[in-house]
Every structure is written in C-alpha cells, then in structure tokens.
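> please find the sequence and the predicted model below.
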Amino acid sequence: MYLAIFLTSLFWQVNSFTRHGFSINTLRRINYERRIWKSRILKANPKKDVDRVGSSVVNSADEDESDDADANQQHAHNNNLHKRFAPKVAWDRHHQATLHLLHGDETIVDALNDYATVGTSPHSQPLPKRVTRLFSPNSQLVSSSKEWKRLKDHQDKIEKTHLRDLLMDKERCDSFFAEYDGVYVDYSRNRATQETIDLLFELAEKQDLKGKMEAMVSGEKINFTEKRAVLHTACRAGRDQIGSIIVDNVDVVNEVHEVLDQIKEFTEGVRSGTIRGYTGKRLRNIVSVGIGGSYLGPEFLHESLKTEPEGINAALGYSLRFLSNVDPVDVERTCTDLDPEETLIVIVSKTFTTAETMLNARTMRQWLWDFMGNDKEVVRKHVVACASISSSDKVAEFGIDTENYFFRFWDWVGGRYSVCSAAGAVPIGLLYGYDLFEKFLEGARSMDHHFFNTPFEKNIPVILGLLGVWNMSFLGYNTRATLPYGQALLKLPAHIQQLDMESNGKCMTRQNVDVDYPVGEVDFGEPGTNGQHSFYQLLHMGQTVPCDFIGFVQSQHDLCLDEEELSSHDELMANFFAQPDALANGKTVDELRSEGCPEELIPHRSFKGNRPSNSMLLPKLTAYATGQILSLYEHRTAVQGFIWDINSFDQYGVELGKKLAIDVRDHLKEARRKENNEDVKTGSPATDRILNYYIQNGRSICEQEDESDSIESKKTHRDYPPSHHNLGGQNGKL
C-alpha cells in the first residue's frame, strides 16, 4: 500500500520537476538515492516491514490506516489517490519527499528549495558532489546511463577476443544474420558476441528507439532545431496510406501523390513528344541543376539504372547530365555537344536561393537565351523547377511556368533525403520513364515496412545502426567504408558520405549539452576491385576501418569468355567473399613460416586481422533493389542519431562557410571595381594575404573585352553556334 502511495507521489514529482526544469534522468538519480536510503534503514532494522519503507516520504493521513483494512476500503483508497495527489495540492509533499530521499542534509535541503523556487542557489557554500551530479548537464547524456556503462565494461571483454576465434563459433555465425525481401545481411564479422547485441538492444530500449522511430514516421516534429517533421518516408508511401499522416492540418500522403501524378503526366508528355521546346523540337536532353542532396542522390540512382536492362531500353534517345559545381568548367563539360533547342533544364533547390545552384541556373538560362533569343517563352518551355511551395514567388520571378513546370516538395524533406521526392522523380522520370521510378519507390517502401514493423532482433537497419554505434563510440573506429561490388553503384559511396556525415556530424544533444562520446564517422568508398587497388592496403594493415561489402547474386550484365571456367561476375564475387575473411582473420606468423616466407619479411607480411565488416547480398541490382539499399542506409543513419541523442536532420555546420563566402564575394566586388591596386582588408591577416595574391595575379573575365574564352562563345553545338556571346538576355522581357 505504502509503496503504491510512494510511486504515485513519484509520478507527480515527474510533472512538478519537469515544470521546474529537472529532467527524467535527474528523477532516476533521485530514485537511486531513495534505494540507497531504503537499504540503509533495512540494515539498521532488519525486522522493519519492507512495504512500509518509504512511507515517511509521503506526509499523508493514510499512515493511520490499519494494515488489515478490508478490501473495499483499500479499493476506495486507491481510487481516491489521484484526487489527493493533484499537482497543485501535492507539490509540498513531493518536494519534502525529495528532501527526505536525500537524507535530510540541510545544505541539500536549502539547495533544493532554491532550485524549486528560482532555479539557482544563492549559497556561497559549494553543493555536495552527490547534488551537483544530480543537476550536472552531463547527467542528461546517454553516456551517463547504466546501459552505456555496461557496454563500456563489456568492451574490455571484447578487446580480449579475436574475430579469428569468434568466426569458429558456428552457433554464433548461424544467428548473426538477417534477411528480408531478398536482402541478406551477414554481420558475423563484427567484433561482437550475443552479449554485445543484447546490451545494444538494452541501450536502444533506454533511448526509446522504437518511440523515436514511430514519432518520425507519424509526422511528429522530431527535427527540434528547425521545428519540422521528418517525412522522407512519406514520399514513397502507397496510396493506401492517404489520410494516415497529418502535419499542420495537411494530409501529407495525399499531397505526395498529387505531385507524383503531376510528375507522371509531365514526364510522359515530354517522352511522348506532346510537350516540346520553344522551337517545336523534341526535348531529349535533361540537365539537372542542383547541389548536395539535390544532386548526389539522383545521380546515384541514375548510375544504378543506366545499365539496368529496363533502364537501357527506356533511356534510348535521351540523355541526363548533372550540373552541381559552381566551377565554370562544370558548365563547360555539361553543355558540350548539347543542342539547346532539345534541352530541358531542371533546377532543384528547395528554397530556390542556394547560391551555387542559382548561379548555375542563371548561367543555363543565359545559355538558352544565347541560342534562341531572350523571349520569355524560352524559359517557360525549357526550364523546370523542383522547390518548396514557399518558394513559388521566386520560381515565378525566374520566369518559370509555375502552373505546369513547377513541382513542389516540402520542408519536411531534407535535401539528402530527397531522392524519392520531385528532386529525383523529375530527372529520373524524364530519362527512364515514370514507371521505372515507381519500381524504385516500391523497393524503398518495402524496406520502410521492414524497418518500422520488424522486431529489433531481425531488423536490418536497426542492427547495422547499433553496430555502427558500437564500432564508433565504444571500439573507437572513426571511419567507415562503403564497398559495392557492382560498378553501377559507383556513386553510392558519395551519397552515403553526405547522408551520414551531414546527418550525424554533430556535437550537441537534444538537451543542448556537448556530447562527450564519439559520434559521426568519416565515410568513403569505391566500387569493387577498383578500391582493392586503391586503398585496401590501409584497410588490411593500417588503421581499422569497418566495411560494408555489397554484392549481388546476378550481374546486370554478365560475361563468360570461351575457355574461361568462371564468368566475369563470379570472378568479381570471389573477391567479395574473400576480402571480409582476409580483414577478419589476417595472416599469422605461423602461417607465413609454414609457407616458407623468409624470416626477415615475416613482420612485413603478417596481418593482424580482427577488422570488422558487414556483408550484404541482394538478388540483382534493379530499380527495386536500389530503393531497398537507399532506404536501408537512410534508416541506419537515423538509428545512430537516435541512439546518440543528436539531431540527424539539420545541417547548421554548412551555413557558416556560406556566410563567409558572401563576405568574400563583397570584398571581391570591391576589388574588381577599384582602379588602383589597393589591398583588400578582410580583418584576417591570413585571408588578406592569399586573397590579395589571387586578385593581383588574375583578372576577372567580366573585365575582359576579348570573348574568346567565353563558354557560350565556344562551339557548344555544331549546328548552331551563336555569332556573339551576349544577346542581351539579362535585359530581356523577364
């Protein structure tokens, strides 16, 4: 009975302490003090009734009730508990309870009274350590939890093991895999035992991983710094999910399918020839202008589909190029051999203000004007925008037809998560047809279903995310390699690099406390045997880098030469299976001696091994499988961020460099206007020196009268070179 009263009291303490700025972790620590206090009383008086211990913390008339009260009285008493412990009435009781829990130390009592009234302590006397620990910001970090500390203790056991021995445990190997919808993942080559996995699951429970996953998919605003929902999964939700996610009174899935239907109609119109360019020619060339997630994700998907049999047939007669870098050389490389009359420009920028993207967009607009004149219809017929609905005014100001050539996406889709939105759907749908893009969405949807509905023990993204936390935060491996054994995934490592490093390259937790544990790996990678002859030397004998090997049962295009016993794909996959074992087992001194290795070379040729990796095997690289891979890695990234208690969905670190670049641009403008050679002063001597060197040793092309080096003046298209560079488009009808 008294224990029930205490627990009820503790419930209201949670509410009261929350109002006064105390965290749940603080209350857990207070409860820990209560247990110590309880055990001391029992030691002093072993005969004391355990159920009555703690009743003194509740100053209640219930103490006068007899222990043998009949069941009806007890039932009535319990029903009235919530009335007598209403927050406004019970605060004094709960506050006094906390004081009792802390042993009645007068200094502590005074401190807690101060915290309860004004949130600070005016006492000059330092607080006892056990109190400062309770209110220390670090007490809110996951690293202060018992689950984290258990993993730290367990780390010492793992340091004494070797993968060479762990891989001989058949029972362990048979259980360290997960499979779903053709995706097979073997994680037995991680430096982990079943105890490791169990402890990681306990950490996931402590961090409410399941609750955070559900909050994300349901549209709660878990991007707490920008106060936004995180709903890239809604971009591939099926029509049967319409009405299931409401954000700010908007049916999210219904909005998504309205845009997808619009994209399907537009892309099919272009491919069928019903939508044509300004001069009436078919639009066969697509240039997608974007940077970051607006470029890396769609390009990864494009490269994956380029050699997929259905993709090859669908793309016949069309081309897709990406313009991302503000370097004018990228413009030159993109525009070479393109006919502007047959080219459609897709500008991808959520805000329609990204500096690099908008400069490239203006450059491509000028390129169109230079060839076809500055009629406003040139832009309306040749330029498409993918941007947020809040940017519609900027899109219209650029000259784009916002009724038919504007495809919106939303603030709850981050750039690096946007490949399933209009950012990917428009360029990919134009090149390969909308139906193939839909198969990609179906694959991503399949992995989403697995992630949100499968128990953690067999949940592929959850397992890989938890192992990522284990390798980074406990074993100290701060880099990770993505190694696809399929040339069509050559752009996957770059996409994963942005996805992971922009998401989890953080230093602050949700509670505004600096993390005191390692987060955010450095990601890199290269496809197949190309990487083996590039950086695998370091993987085997340099610093330890956990690796993800990705392979396929069937190739998109296999070859088998006469008199060759194995196909080219079998040769490739032989390396896929060999490399993880080489990393795990290494090469021992005894093995080298048995092979007759000269003694002086043994130190140079021995491999310590014990290097972790995951192996992922899929049936074949199709649009569907590409969607599965994309979704898997998006969710792995989110899992790690949820465990680390950081915001994986903002990117304020990118903003500072952009702001400084604007300042430098202003200095460059000023320098280009000056007639004398007066030095620029930026306030930084180091910057002044190198910036002035740049200015003094180079002239701006804008100052040159000779246009021979102009990009547009070169023979960009053999049939229609412009007679001169500037047709006055910047002063045209727009």
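The structure has been received and is ready for your questions.
> output the below-cut-off pLDDT ranges for the stretch 251-400 of the chain.
Counting by pLDDT under 70, the stretch 251-400 of the chain shows no low-confidence range.
> strands of that one, start to end?
285-289, 319-323, 343-348, 383-388 (DSSP state E, counting those that start in this stretch).
> next: the chain.
Per DSSP state E, the chain carries strands over the ranges 177-180, 183-186, 246-247, 250-251, 285-289, 319-323, 343-348, 383-388, 406-409, 479-484, 522-525, 547-554, 613-620.
> format those as a markdown table; extra columns: distance to residue 425.
Every residue, glycine included, has its C-beta placed from N, CA and C. Compiled in a markdown table, the strands of the chain are given as follows (distance: least, Cβ to Cβ, whole Å):
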| stretch | distance to residue 425 |
| --- | --- |
| strand 177-180 | 25 |
| strand 183-186 | 23 |
| strand 246-247 | 20 |
| strand 250-251 | 19 |
| strand 285-289 | 11 |
| strand 319-323 | 13 |
| strand 343-348 | 10 |
| strand 383-388 | 8 |
| strand 406-409 | 8 |
| strand 479-484 | 23 |
| strand 522-525 | 26 |
| strand 547-554 | 24 |
| strand 613-620 | 23 |
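> reformat these as CSV; add distance to residue 421 and mean neighbour count.
Below are the strands of the chain laid out as CSV (distance: least, Cβ to Cβ, whole Å; neighbours: other Cβ atoms under 10 Å):
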stretch, distance to residue 421, mean neighbour count
strand 177-180, 24, 17
strand 183-186, 23, 19
strand 246-247, 15, 16
strand 250-251, 15, 14
strand 285-289, 13, 26
strand 319-323, 16, 20
strand 343-348, 9, 26
strand 383-388, 8, 26
strand 406-409, 4, 22
strand 479-484, 23, 23
strand 522-525, 23, 18
strand 547-554, 24, 20
strand 613-620, 24, 20
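> would a markdown table of the strands of the stretch 251-400 of the chain with distance to residue 580 be doable?
Converted to a markdown table, those look like this (distance: least, Cβ to Cβ, whole Å):
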| stretch | distance to residue 580 |
| --- | --- |
| strand 285-289 | 36 |
| strand 319-323 | 33 |
| strand 343-348 | 37 |
| strand 383-388 | 39 |
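> and residue 145, which of the strands of the chain is closest to it?
Ranking the strands of the chain by proximity to residue 145 (Cβ to Cβ) places strand 479-484 first, at 24.5 Å.
> list the contacts of residue 580.
Counting by Cβ atoms under 8 Å, 6 or more residues apart in numbering, residue 580 makes contact with 189, 547, 549, 613, 615.
> for it, give its distance to residue 234.
Residue 580 is 36 Å from residue 234, where distance means Cβ to Cβ, to the nearest Å.
> residue 503 too?
The gap separating residue 503 from residue 234 is 18 Å, by Cβ to Cβ.
> from the chain's centroid, how far away is stretch 155-170?
30 Å (Cα atoms, centre = their mean, to the nearest Å).
> mind checking the end-to-end distance for that stretch?
22 Å (Cα to Cα, to the nearest Å).
> quick one: mean pLDDT for that stretch?
The pLDDT scores in stretch 155-170 average 97.
> in the stretch 351-500 of the chain, which spans are helices?
355-372, 376-382, 392-398, 422-432, 434-453, 460-469, 492-504 (DSSP state H, counting those that start in this stretch).
> with mean neighbour count added, can I get those in TSV?
Below are the helices of the stretch 351-500 of the chain laid out as TSV (neighbours: other Cβ atoms under 10 Å):
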stretch	mean neighbour count
helix 355-372	21
helix 376-382	20
helix 392-398	16
helix 422-432	28
helix 434-453	20
helix 460-469	25
helix 492-504	23
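> would you list those in TSV and tack on distance to residue 301?
What follows is those, written out as TSV (distance: least, Cβ to Cβ, whole Å):
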stretch	distance to residue 301
helix 355-372	19
helix 376-382	23
helix 392-398	24
helix 422-432	6
helix 434-453	7
helix 460-469	19
helix 492-504	9
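> residue 197 and residue 191: what is the separation?
12 Å.
> which of those two has more neighbours?
The residue with more neighbours, out of residue 197 and residue 191, is residue 191; 24 against 20, by other Cβ atoms under 10 Å.
> distance check, that one against residue 537.
21 Å.
> cool, residue 571 as well?
On the measure of Cβ to Cβ, residue 571 and residue 537 end up 21 Å apart.
> more neighbours: these two, which one.
Set residue 571 next to residue 537 and count neighbours by other Cβ under 10 Å: residue 571 wins out with 13 against 10.
> out of the strands of the stretch 251-400 of the chain, which comes closest to residue 619?
From the strands of the stretch 251-400 of the chain, taking Cβ to Cβ, the stretch that ends up closest is strand 319-323, at 26.2 Å.
> which neighbouring elements make contact with that closest one?
strand 285-289, helix 293-306, helix 328-335, helix 422-432 (3 or more Cβ pairs under 8 Å, 6 or more residues apart in numbering; DSSP states H and E).
> list of residues touching that strand?
Contacts for strand 319-323 (Cβ under 8 Å, 6+ apart): 284-290, 295, 298-299, 302, 330-331, 334, 338, 360, 364, 427-428, 430-431.
> tell me the strands beside that strand, with direction?
Applying DSSP bridges to the sheet, strand 319-323 is found paired with strand 285-289 (parallel).
> off-centre distance for stretch 428-446?
22 Å.
> for the record, mean pLDDT for that stretch?
For stretch 428-446, the per-residue pLDDT averages 98.
> where does this protein have low pLDDT?
Using pLDDT under 70, the flagged stretches of the chain are 1-137, 676, 699-734.
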